[in-house]
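S.K.: Need coordinates for the below:
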Amino acid sequence: MASSSALCIIMMTTMCSLVGATNLYRVGDAEGWREPDKNDAAMYDTWAGKYAFRVGDSLAFDYKNDSVVRVSKRGYYHCNETGGGSASKDGSTVFLLDQPGFYYFVSGDVDHCKRGQRVMIEALDAQRPPAAAGPAPSPLPSSAVSWTATAASLRDMVALGSLLFVASYCSYLS
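M.R.: So this is what the prediction gives:
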């Protein structure tokens, strides 16, 4: 019986380590993705600084009469890229942070970008602890964004299902 309990603990620990980061962050919190006020051009720098983003997390951009484009570092600093015509303009766009490194997003309106409607995100490796933990992500109503299954979310669902199975099996043994 003791070996069954030890096995259950080992299996549950392994399953928990398989589940990676999967937070959904609403860019700009309640204000969403909009042109900053004249005296708040750094609003998105401030917003991004509150969180420790990880591989597997997603960013939700909610906007009206605007757009969002993922650009290069140069495009971010110079506000001179249009993303090759791939600006998302549907009012709600989700980007998956699928690898470690920097991600750059700007408004498709060059003037908005120049006035501060741009954000730089660093996604840390899901296994690496953050330098300083940030607060929990902004809550989103379930209808705020459309979600499509990704390899990361599918992996997490399988891992969670396996964890539930192991937990049920372990409670059956005890």
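S.K.: so after the helix-or-strand element of the chain with minimal mean pLDDT, what's the next helix or strand?
M.R.: Lowest by mean pLDDT, DSSP states H and E among the helices and strands of the chain is helix 2-18, with a mean of 45. Going down the chain from helix 2-18, the next helix or strand is strand 24-26, by DSSP states H and E.
S.K.: Paired strands for that following strand, with orientation please.
M.R.: strand 58-62 (parallel) (DSSP bridges).
S.K.: contacting residues around the strand it pairs with?
M.R.: By C-beta atoms under 8 Å, 6 or more residues apart in numbering, the surrounding residues in contact with strand 58-62 are 22-28, 32-33, 53, 68, 88, 91-97, 103, 105, 121, 140, 144-145. Yep, even glycine has a C-beta here, placed from its N, CA and C like the rest.
S.K.: Show me what counts as buried in whichever strand or helix holds Val119.
M.R.: Using DSSP H and E, Val119 sits within strand 118-124. Going by neighbour count (16 or more other C-beta atoms under 10 Å), the buried part of strand 118-124 is 118-119, 121, 123-124.
S.K.: do the same with stretch 62-82
M.R.: For stretch 62-82, by 16+ other C-beta under 10 Å, it's 62-63, 66-71, 75-76, 79, 81.
S.K.: from those, which ones fall inside helices?
M.R.: Per DSSP state H, helices hold the following members of these: 75-76.
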